[in-house]
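> quick one: sequence plus predicted model below, questions after.
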Amino acid sequence: MAAVDSADHDCATGTAEARIPACTSLLERTLSKPIRALALYRRGLALQDRGEDAKAVEDFDAALKLKPKDGTTFGARALSYARMGRTDEALADHAAAIGANRHSPLPLVNRGFFLLDLARNAEALADFDAALAIQARQAEALKGRGDAHRALGELFAALEDYAGAIKLDKTYRNAFYGRARCFIDMGDFTRALAELQETLRLDPNFDSGYFSRGFVRWRLGDTDGAVEDYTRAISLESNFPAARLERGQLLASMQRYDEALSDFDEAIREKPDYGSAYLSRGIAWRSLADYDKAAQDFTQAIALMKNDPTPYDERAQAYLLAGRIEEALADADTAVSMQPGSDAFYETRGRIRESRGERDLAIADFRKALELDAGNKAARAALSRLDAAP
């Protein structure tokens, strides 16, 4: 019995690499059904920790054959199914876990976060509400509900939930981070920075915290600090295309184009279907007057960002600078037709029409741009240049 107890301990604690053989050794013995189910569950968790979700599912399956109503195992298998992209099976397991643990908020919280990942935000909100009805003082449920409110654009409700989570757990990094993201959504970058400082004090190795602080510092005009934060984020998570994209955009705005292009290249290598990276690289090439490379990147962005008119507008500007006027006009027409409420797109088309000598049509476009945004300085300057009233 002592040997079994020792093996059970080794199966439950330590690194995944140590737990897997310890659980396997335990499973080679004659065990009661409950202990065998527990050992299979624990080996499944260890395999999960090592990223071997298919093997983990096999162990969870075997555990559930021995203990068919074990909600904890259903919850663990749901996580592996989710990571394998098997959404329907993951949802079924979450439902089974909730059914097996009707008096616990945790299965509802777990499904709520999974639904957030699926952008099923209203359903997630309902799960967090249900979890809090079971246990009102549950920090993770409050944080999750805050995330759901934020995803639904209900920012003040989100802030209230994040504050509630922090009141219950003053070391809850993700609640501070959620509140920071909420302030970012509100455009309150000073308060966002304060929340991110606390987030990173609680966890100095939080890559997403540095990523978000880089964005905030950039918006507050601290470009050097922003570059440092993006660099720190990348050093903590080498495969971080969004951080490389934003650092590249910042470097391009500082006219450090070689470094920017290197970041865009790496972002595309890490995420080959990253339309925004092609778009930003195209803008950099256009700034360097390499209009052919710019047009190629904008064309790729168009293919990847099918419902976004911005790549058409950017390619129109590249074609205009390259003297490919008819192609520029076709792209500008497409951008305007896709998003007729954009003042910038009318301003682009106005410049193209001006280059064609179509003064009246150009004036009409510049006036439309000002109608949509009276602060469009380029359109106002163009009308002045054409000696036309706004």
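Yes, it's here.

> roughly how far does residue 141 sit from residue 75?
As for residue 141, its distance to residue 75 is 15 Å (criterion: CB to CB, to the nearest Å). From N, CA and C alone the C-beta is placed, and that goes for glycine too.

> try residue 126
18 Å.

> check residue 352 too.
Counting by CB to CB, the gap from residue 352 to residue 75 is 58 Å.

> so if I had to pick from these two, which one is more boxed in?
Legend: neighbour count by other CB atoms under 10 Å for residue 352 and residue 75, higher for residue 352 (25 against 22).

> just the element for the more buried one, please.
For residue 352, the host element (DSSP states H and E) is helix 343-355.

> any idea of the mean pLDDT for that helix?
When pLDDT is averaged along helix 343-355, the result is 98.

> which elements pack onto it?
Secondary-structure packing of helix 343-355 (3 or more CB pairs under 8 Å, 6 or more residues apart in numbering; DSSP states H and E): helix 310-322, helix 325-338, helix 359-372, helix 377-385.

> and the shortest one, average pLDDT?
Think helix 377-385. Mean pLDDT, helix 377-385: 97.

> so for that helix, what gets flagged as buried?
Within helix 377-385, the residues scored as buried using 16 or more other CB atoms under 10 Å are 379, 380, 382, 383.

> so what's the residue count around the closest residue to residue 236 other than its chain neighbours?
In space, not counting the residues next to it along the chain, residue 236 is nearest to residue 207; the distance is 3.9 Å by CB to CB, 6 or more residues apart in numbering. Residues near residue 207, counting by other CB under 10 Å, number 17.

> and what of the one 10 residues further on?
Using other CB under 10 Å, residue 217 has 22 other residues around it.

> name the surrounding residues that touch the helix or strand containing it.
According to DSSP H and E, residue 217 maps onto helix 207-219. Applying CB atoms under 8 Å, 6 or more residues apart in numbering, the external contacts of helix 207-219 come out as 173, 177, 180-181, 184, 189, 192-193, 196-197, 199-200, 203, 223, 225-230, 232-233, 236-237, 240, 242-243, 246-247, 250.

> in the helix or strand that that helix is followed by, what's buried?
Note on helix 207-219: by DSSP H and E, the next helix or strand toward the C-terminus is helix 223-236. By neighbour count on 16+ other CB under 10 Å, the buried set for helix 223-236 is 225, 226, 227, 229, 230, 232, 233, 234, 236.

> restrict helix 223-236 to CA atoms and write it as PDB.
The C-alpha trace of helix 223-236 is given here as PDB (Å, rounded to 0.1, in the frame of the first residue of the first chain):
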ATOM      1  CA  THR A 223       8.100  56.000 -28.900                       C
ATOM      2  CA  ASP A 224      11.300  54.800 -27.400                       C
ATOM      3  CA  GLY A 225       9.500  53.200 -24.400                       C
ATOM      4  CA  ALA A 226       7.000  51.600 -26.800                       C
ATOM      5  CA  VAL A 227       9.800  50.000 -28.900                       C
ATOM      6  CA  GLU A 228      11.400  48.700 -25.700                       C
ATOM      7  CA  ASP A 229       8.100  47.100 -24.600                       C
ATOM      8  CA  TYR A 230       7.400  45.500 -28.000                       C
ATOM      9  CA  THR A 231      10.900  44.100 -28.000                       C
ATOM     10  CA  ARG A 232      10.500  42.800 -24.500                       C
ATOM     11  CA  ALA A 233       7.200  41.100 -25.500                       C
ATOM     12  CA  ILE A 234       8.900  39.400 -28.400                       C
ATOM     13  CA  SER A 235      11.800  38.300 -26.200                       C
ATOM     14  CA  LEU A 236       9.300  36.600 -23.900                       C
END
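
> the next helix or strand after that helix - contacts with which helices or strands?
Going down the chain from helix 223-236, the next helix or strand is helix 241-253, by DSSP H and E. Judged by 3+ CB pairs under 8 Å, 6+ apart, the packing partners of helix 241-253 are helix 207-219, helix 223-236, helix 257-270, helix 275-287.

> between these, which gets nearest to residue 21?
Comparing these by their distance to residue 21 (CB to CB), the top pick is helix 223-236, with 30.4 Å.

> who are the packing partners of the closest one?
Packed next to helix 223-236, using 3+ CB pairs under 8 Å, 6+ apart, are helix 207-219, helix 241-253.

> name the SS class of residue 183, please.
Three-state call for residue 183 (DSSP: H, G, I helix; E, B strand; the rest coil): helix.

> ok, the nearest residue to it once chain neighbours are set aside - contacts?
Among residues not flanking residue 183 along the chain, residue 192 sits closest, at 3.8 Å (CB to CB, 6+ apart). Counting by CB under 8 Å, 6+ apart, residue 192 touches 180, 181, 183, 184, 212, 216.
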